[in-house]
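Student: Provide a 3D model corresponding to the input given below.
(chains A and B)
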Amino acid sequence: MITLTIDGKKIEVTEGTTVLRAAQANGLNIPTLCDHPNLTPYGGCRLCLVEVEGARTLQPSCTLPATNNMVVFTDNERIRSARKFVLTMIFSERNHFCPFCQVSGGDCELQNAAYEQEMTHWPIQPAWTTYPVDASHPYFVLDHNRCILCRRCVRACGELAGNFTLGFEERGAKSFLVADLGVPLGESSCISCGTCVQICPTGALIDRSSAYRGRETQVERHPSICTGCSVGCTLDVLVRDNNMMRIEGDWTSELNGGVICKTGRFLPTVEDRTRIVTPLVRRDGKLVAATWEQALDAVAAEMKAQGSKVAALASPRLSAESLHAFKQIFKDHLAASTVTTTDECAATANLVKTAAALGHAFEGKLEDLHTADCFLLLDEDIVADHEVAGFFIKRSLPLGASLVLVNEGAHPLDLNADANLKFKKGTLAAVIQGLRAALAQNHTAVSDAAAQTGIAADTFLQAAQKLSEAEKPVIVFGKNLVSQGEALVQAVIELAEAAHASLLSTKGQANSLTAALFGLSAPLNLQDIKAVYVALGDEEPSRKLTQQLEKAPFLVVQAAYTSQLSGMAHVVLPAQTAFEQAGSYLNLDGRLQKSEAALQCTEDVRANLEILQALAAHLGAAINLNSWSAELNTAASPVALVL
Amino acid sequence: MAKPKVSSDWMCGCAGCHMSLLDMDERLAQVIELVDLRSTPITDLKEPDESGVDVGVLEGGINNTANEEVAHYFRKRCKILVALGDCAVFGGVPAMRNFVGEEAALQRAYVETESTDSEGKIPDDPELARMTPVRAIHEVVPVDYHVPGCPPDADVIFHVLSELAQGRKPDLKGDLLHWH
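Tutor: Presented below is the predicted three-dimensional model:
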């Protein structure tokens, strides 16, 4: 421990702590601009200058490590004048006129810093240099004129999203933010995660959907959960007068640390599917508006009549509560012949079966990705399907972690791979055997695997070397592997044991794990089926599912949005979107997260759980709304659950 | 003691700061109790007394030779000069034209405007003031107090005037300091 004195206050911190963090941890305020708690210190703006006893010049507190017996002053005339000078220089460079800026009036860290230094004017007027505005990106605008060159966006792009799209060209006052090698943002390698927009301290990066529609003080922040995939990022939905302004990551989140992806941040704000606003019943071949009573009566009558000849599908994006009610209605009460999810739990069913056979959990935690020094991606495009988990991997690679790719075709991380194992279709099991053999230095078996898979024996050995060199390797796999059967899951577990690696599977959609734990994982079989109930929620039905259900004699669709599927239905029940209802979600980490409603919908549109409850009442089915978590607890899970 | 004499004028601004001054509502009566209001752009007398006044308040930046003249005689005749509003303090919204230059601004305003029906003509009468880049007042004459805001709130203006009238230095911080 180190003891230092800041503004007369004795402070104890661990070695390596910066003066800025030491002060902040003790409630002392030092103004900053380029600093951000989620980024490594940079020392770019010099606003955080402090006086250190014995030091000749003022020191930037953000990069200054605290040392024993250091005596620091954070506020005196010399410091204040230096800070004013720093701000004066920033204001003199570009266009920082406040009246026509989106973030003026509380949301601008530059303006707030000037107020804090009680600046009533700019001692040096701007140089009137014009810079371009890059409006080529579909979700945000980059106005170089508002940029203060703090490089927070550049650091966020690399350190947090691991994408390294943003960078700087030129030096000094000519420094200029560029995407890739100077292409417009909209044509760059940007993946639209929007972390740069969220971290920008000024109005240089502004979000299209919420710009000029309200300041931070005029919007409500609703903490929520992203249902885009099984990572389950925590986020804030910013709402004004029941309008969704924008979505932001929660910087303090243990799970995703403020980072979210395009699916979580931007797609909900540009949702353009048409909402279903009232129950619809097919009469004389046409879907016409009906009351809830009429619609539910029609559904219940048909379900009762068909009994076991019913197939029921639920979206794995539905809440745990809804999935459990769904199961009780269709599996327990109606004994329908197929009760499953729209993804048939392809990414989770075999995991749950394996866990049941083993009698224990076998996977590690998402946070293992933060400490891993080697990643083995087994036929899993985590960068596309579970983007934020992909960020965790991508951002570790420049820090020295190695990457072993096992893939059939091209993979977005091909260029980053230390060993790239491209296998012939259908030989994934042989690849896993080959890797095990390579780890055991069994060259004969490696040659066999090489012959089968089309991968060079040397590549197997190279991969094995990376794995055995690593102290904390992580094996990541997903739907492609899991859907091929329990035997393959078992083989991966054995591979992980041999490599002393932690295991992590991506587990499909928001509640695919929950659905598998409830046993909603039967393959869809439509033979002799007389009625189909699809609880879609806000999921977009796949073309395949739509085609499969084309001939359904009676189709009920419970959905938020119109689709080709809802157009084919005999009864349509309007459901709320994920942000309009409360619900619990079990993420790939086994972490149960509860979200509350952030938005209100129109009167006739109901929550998924509410619709299922009403349906149960019409069917005379007794369902228990409280037993879902107990049932999750007793199920064998591939990952330890935190309920 | 005689009440301090106060004069005001507007230059390259929108008159919004003077509107905000009027937004003091009934507090205007209190200000009038405290000061001897001499010239303003919205009263009969247009220029501060040649013999001098105590406080001069200028709204707007300086964008031509006529504004320069106003700024100079205000500085000469006023013991204390106050720059009122973002245009006076920073150049404000009109200063956006500095980013394109005077030539392009004139061309856009008098020739290329959608409502120009014939060829358009940039006024060039020698009687007219000559256009300059838009400047904050302190770039032309020294300013004693800067009161930013677009416009400054009536509360801010009341604070500044009543402090000055009572011989104190106005101190803008906290809620009284805003640039937008």
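Student: Give me the pLDDT value at the closest residue in space to A:I225 that isn't next to it in sequence.
Tutor: In this structure, A:I225 finds its nearest non-sequential neighbour in A:S595, 4.0 Å apart by C-beta to C-beta, 6 or more residues apart in numbering or on different chains. (Glycine included, C-beta is placed from N, CA and C.) You'll see A:S595 listed with a pLDDT of 96.
Student: Look up how far A:A582 lies from A:S595.
Tutor: With distances taken as C-beta to C-beta, to the nearest Å, A:S595 is found 6 Å from A:A582.
Student: The two: which has the busier surroundings?
Tutor: More crowded of A:S595 and A:A582, by other C-beta atoms under 10 Å in any protein chain shown: A:S595, with 23 against 16.
Student: give me every residue that touches that one.
Tutor: Listed by C-beta atoms under 8 Å, 6 or more residues apart in numbering or on different chains, the contact set of A:S595 reads A:P223, A:S224, A:I225, A:A578, A:A582, A:G583, A:S584, A:Y585.
Student: which phi and psi does it have?
Tutor: The phi/psi pair for A:S595 (degrees, to the nearest 10) reads phi -120, psi 150.
Student: so it bridges to which residues?
Tutor: A:G583 (DSSP bridges).
Student: And the strands in chain B, which stretches?
Tutor: Ranges of strands in chain B, per DSSP state E, are B:5-10, B:36-37, B:53-59, B:62-64, B:78-84, B:131-135, B:145-147.
Student: Specify the beta-bridge partners of the residue positioned nearest the centre of chain B.
Tutor: Note on chain B: the residue nearest the mean C-alpha position is B:E59, at 1.2 Å, using C-alpha atoms, centre = their mean. For B:E59, the beta-bridge partners under DSSP bridges are B:W10, B:L84.
Student: thought it was touching B:D9?
Tutor: Yes - counting by C-beta atoms under 8 Å, B:D9 is a contact partner of B:E59 at 7.4 Å.
Student: Next, the distance between the ends of stretch A:459-478.
Tutor: Stretch A:459-478 has an end-to-end distance of 22 Å (C-alpha to C-alpha, to the nearest Å).
Student: make that stretch A:340-357, sorry
Tutor: Stretch A:340-357 stretches 21 Å from its first residue to its last (C-alpha to C-alpha).
Student: how distant is that stretch from the center of its chain?
Tutor: Remark: stretch A:340-357 is offset 22 Å from the chain centroid, using C-alpha atoms, centre = their mean, to the nearest Å.
Student: Which helix or which strand is home to A:P553?
Tutor: Using DSSP states H and E, A:P553 sits within no helix or strand.
Student: which one is it nearest to, not counting chain neighbours?
Tutor: In space, and not counting its chain neighbours, A:P553 is closest to A:K530: 5.3 Å by C-beta to C-beta, 6+ apart.
Student: ok, A:L403 - contacts?
Tutor: Counting by C-beta under 8 Å, 6+ apart, A:L403 makes contact with A:C374, A:F375, A:L377, A:I393, A:L397, A:L413, A:N416, A:A417, A:D418, A:A419.
Student: could you redo these as a markdown table and give each row secondary structure and pLDDT?
Tutor: Below are the contacts of A:L403 laid out as a markdown table (DSSP: H, G, I helix; E, B strand; the rest coil; pLDDT from 0 to 100):
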| residue | secondary structure | pLDDT |
| --- | --- | --- |
| A:C374 | strand | 98 |
| A:F375 | strand | 98 |
| A:L377 | strand | 97 |
| A:I393 | helix | 97 |
| A:L397 | helix | 97 |
| A:L413 | coil | 96 |
| A:N416 | helix | 95 |
| A:A417 | coil | 97 |
| A:D418 | coil | 97 |
| A:A419 | strand | 97 |
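Student: Reformat the contacts of A:S595 as JSON lines; add pLDDT.
Tutor: JSON lines is the format used below for the contacts of A:S595 (pLDDT from 0 to 100):
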{"residue": "A:P223", "pLDDT": "97"}
{"residue": "A:S224", "pLDDT": "97"}
{"residue": "A:I225", "pLDDT": "97"}
{"residue": "A:A578", "pLDDT": "96"}
{"residue": "A:A582", "pLDDT": "97"}
{"residue": "A:G583", "pLDDT": "97"}
{"residue": "A:S584", "pLDDT": "98"}
{"residue": "A:Y585", "pLDDT": "97"}
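Student: out of those, who's nearest chain B?
Tutor: A:P223 (29.3 Å; C-beta to the nearest C-beta).
Student: Wait, a strand at the closest one?
Tutor: Yes - membership of A:P223 in a strand is supported by DSSP: H, G, I helix; E, B strand; the rest coil.
Student: residues from chain B in reach of chain A?
Tutor: B:83, B:86, B:89-93, B:95-96, B:98-100, B:133, B:135-136, B:138-139, B:143, B:145-148, B:150, B:172-173, B:177-180 (C-beta under 8 Å from any C-beta of the partner chain).
Student: Buried only: go through the contacts of A:S595 for me.
Tutor: A:S224, A:I225, A:A578, A:A582, A:G583, A:S584, A:Y585 (16 or more other C-beta atoms under 10 Å in any protein chain shown).
Student: The first one touches A:V239, doesn't it?
Tutor: Okay, so that is A:S224. No - with contact defined as C-beta under 8 Å, A:S224 and A:V239 do not form a contacting pair (10.2 Å).
Student: circling back: filter the residues of chain B next to chain A to the buried ones?
Tutor: Buried, going by 16+ other C-beta under 10 Å: B:83, B:86, B:89-93, B:95-96, B:98-99, B:133, B:135-136, B:138, B:143, B:145-148, B:150, B:172, B:177-180, out of these.
Student: Tell me which of those residues fall in helices.
Tutor: B:D86, B:V89 (DSSP state H).
Student: Mean confidence (pLDDT) on stretch B:34-48, please.
Tutor: Rounded mean pLDDT across stretch B:34-48 is 94.
Student: Kindly apply the preceding question to stretch A:296-307 instead.
Tutor: For stretch A:296-307, mean pLDDT rounds to 95.
Student: which outside residues touch it?
Tutor: Here stretch A:296-307 has contacts from A:279, A:281, A:290, A:310, A:334-336, A:530-531, A:533, A:554, A:556, A:570-571, A:573, A:614-615, A:618-619, using C-beta under 8 Å, 6+ apart.
Student: swap in stretch A:99-111?
Tutor: A:33, A:87, A:90, A:96, A:98, A:112, A:146, A:148, A:201-203, A:206, A:211-212, A:215-217, B:86, B:92-93, B:96, B:150, B:178-180.
Student: State the pLDDT value of the residue lying farthest from the centre of chain B.
Tutor: Most distant from the centre of chain B: B:S118, at 34.7 Å, with distances by C-alpha atoms, centre = their mean. Looking at B:S118, its pLDDT stands at 79.
Student: returning to that earlier point: quick one, which of the strands of chain B gets closest to A:L47.
Tutor: strand B:145-147 (21.1 Å; C-beta to C-beta).
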